[in-house]
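J.: Below: sequence and its predicted model.
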Amino acid sequence: MTLEFIEYPDREMLALSLARKISGQLAQHLRTNETASLCVPGGSTPGPVFDTLSGSDLDWPRVSVFLNDERWVGRDHARSNSRLLHRHLLTDKAAGARYIDLYTGDAEPEAAAEALSDQIAPLLPITVLLLGMGADMHTASLFPGAPETALALAPDAPLVMAVRSVRDEPRITLTAPALQKAISTHLMITGAEKREALTRAQSLDPKDAPIRAFLGDICVHWAE
């Protein structure tokens with residue numbers, strides 16, 4: 001179990017290097033497997049990585065793409081992670097990828113969790129997992145001290161769970177059993193605050209610092 005930490009001179013170099021690494025790992029997997037899976041975070045931070053990755057010369061129709069988590073809003077909503085993903089990643093050459101939308105249109109996320117778990121199960125282990133982290137040490141929609149987090153970190157958790165203990169919209173999130181066994185795992189963070197938070201998380205319980213549950217074999221990519 002090794003944590004590799006790569007520091008970049010700037011965010012542009014981080015984005016270019018990380019996109020190349022993800023593309024290379026997917027291509028290598030596809031040489032000996034029929035399909036591959038790519039699981040990515042939402043938010044604006046990974047946008048530059050996606051912008052570069054979308055132009056990669058991969059056999060994208062053999063790649064299934066899905067988010068770590070999603071707010072329970074439609075794709076036209078300003079806070080939709082799927083909206084950002086379609087703008088930055090699922091375009092250019094990557095427009096041909098198979099996309100699994102965590103937002104199903106059901107009235108409540110709880111109604112969709114079981115069917116989404118069934119959809120995700122055949123794609124495991126995730127070929128390449130890219131995680132993000134908040135300054136509070138949350139990742140996906142697993143938040144410190146939230147009642148759902150303890151359930152989502154359990155070895156017998158369903159692969160997908162609804163999350164309601166957040167101030168904004170309800171959410172849907174992948175859980176530890178879905179995320180922990182990826183073939184290649186990367187964490188992208190920027191800024192001094194998140195670097196310090198990552199250091200702090202390494203000595204905390206995952207329930208208080210959810211990113212801690214994923215700091216096994218992982219490559220951390222950081223730039224100021």
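T.: Yes, it's here.
J.: what's near enough to touch Lys21?
T.: Shown in contact with Lys21 (CB atoms under 8 Å, 6 or more residues apart in numbering): His186, Cys219. Where you see a C-beta, it was placed from the backbone N, CA and C, and this is true even at glycine.
J.: how about it, secondary structure?
T.: helix (DSSP: H, G, I helix; E, B strand; the rest coil).
J.: hey, where'd the strands end up in the protein?
T.: 3-7, 36-40, 63-67, 69-71, 98-99, 128-131, 160-163, 171-174, 184-190, 218-223 (DSSP state E).
J.: Mean neighbour count, mean pLDDT and distance to Gln25 added to those strands, as a markdown table?
T.: Listed next are the strands of the chain as a markdown table, based on neighbours: other CB atoms under 10 Å; pLDDT from 0 to 100; distance: least, CB to CB, whole Å:
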| stretch | mean neighbour count | mean pLDDT | distance to Gln25 |
| --- | --- | --- | --- |
| strand 3-7 | 12 | 97 | 14 |
| strand 36-40 | 25 | 99 | 9 |
| strand 63-67 | 23 | 98 | 11 |
| strand 69-71 | 25 | 98 | 22 |
| strand 98-99 | 16 | 98 | 18 |
| strand 128-131 | 24 | 99 | 5 |
| strand 160-163 | 24 | 98 | 24 |
| strand 171-174 | 26 | 98 | 19 |
| strand 184-190 | 21 | 98 | 5 |
| strand 218-223 | 20 | 98 | 10 |
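J.: Tell me which of the ones you listed sits nearest to Gln202.
T.: strand 3-7 (8.0 Å; CB to CB).
J.: Name all residues that make contact with the closest residue to Ala178 other than its chain neighbours.
T.: If the residues on either side of it in the chain are set aside, Ala178 comes closest to Leu159, at 4.2 Å by CB to CB, 6 or more residues apart in numbering. Residues in contact with Leu159 (CB under 8 Å, 6+ apart) are Leu116, Ser117, Ile120, Ala121, Leu124, Leu174, Thr175, Pro177, Ala178.
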